[in-house]
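A.B. asks: Below: sequence and its predicted model.
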Amino acid sequence: MRYKVDFRVLDWESPADGVRHKIADHDGTRLRLVEYRIDMEPHWCDRGHIGRVLEGTFEIEFPAETVTYGPGDGVFIPSGGEHRHKAKVVDGPVLALFVEEA
């Protein structure tokens, strides 16, 4: 069993332009360190996210409102189309840590 995730030894992966992440999976749970850059293409997402913004500022657009997140803010977005969201970097890069289902 692993009790520590050393992100320094994990490689960055880039799933899309302007986004890169490091992922640690364990027993169906994923710990994901994500960097969003100003050149990230906005896209709608309906996956859930629980985490904390470590650096930078971004806006997340939801169907009914736009919320600004900065360093120290928690993010709690449930899964599902009614919670779909699209992020835009305001002051970046944005570094965030998320706990998700693997």
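C.D. replies: Good, I have the coordinates.

A.B. asks: From now on I want contacts and neighbour counts done on CA atoms only, so please keep to that.
C.D. replies: Will do.

A.B. asks: all strands of the protein, in order?
C.D. replies: 13-16, 19-26, 29-36, 49-61, 66-69, 74-77, 86-101 (DSSP state E).

A.B. asks: Which residues does the fifth one contact?
C.D. replies: By C-alpha atoms under 8 Å, 6 or more residues apart in numbering, the list of residues contacting strand 66-69 from outside reads 53, 57, 58, 59, 60, 61, 75.

A.B. asks: can you name the two of those that are farthest apart?
C.D. replies: 53 and 61 (16.0 Å; C-alpha to C-alpha).

A.B. asks: between those two, which one's more packed in?
C.D. replies: residue 53 (21 against 18; other C-alpha atoms under 10 Å).

A.B. asks: which strand residues sit across from that one in the sheet?
C.D. replies: For residue 53, the beta-bridge partners under DSSP bridges are residue 96.

A.B. asks: Quick check, it in contact with residue 93.
C.D. replies: No: at 11.0 Å, residue 53 does not count as touching residue 93 under the criterion of C-alpha atoms under 8 Å.

A.B. asks: wait, which of the strands of the chain is closest to residue 7?
C.D. replies: Closest to residue 7 of the strands of the chain is strand 19-26 (C-alpha to C-alpha; 6.9 Å).

A.B. asks: Output the below-cut-off pLDDT ranges for the protein.
C.D. replies: Where the chain drops to pLDDT under 70, the residues are 1.

A.B. asks: Identify the residues contacting the closest residue to residue 21 other than its chain neighbours.
C.D. replies: Using C-alpha to C-alpha, 6 or more residues apart in numbering and skipping residues adjacent in sequence, the residue nearest residue 21 is residue 34, 4.3 Å away. Residue 34 sits next to 19, 20, 21, 22, 94, 95, 96, 97, 98 when contact means C-alpha under 8 Å, 6+ apart.

A.B. asks: again, only this time at 7 Å
C.D. replies: Contacts for residue 34 (C-alpha atoms under 7 Å, 6 or more residues apart in numbering) come out as 20, 21, 22, 95, 96, 97.

A.B. asks: same deal with residue 52?
C.D. replies: Taking C-alpha under 7 Å, 6+ apart, one finds 72, 73, 74, 75, 96, 97, 98 in contact with residue 52.
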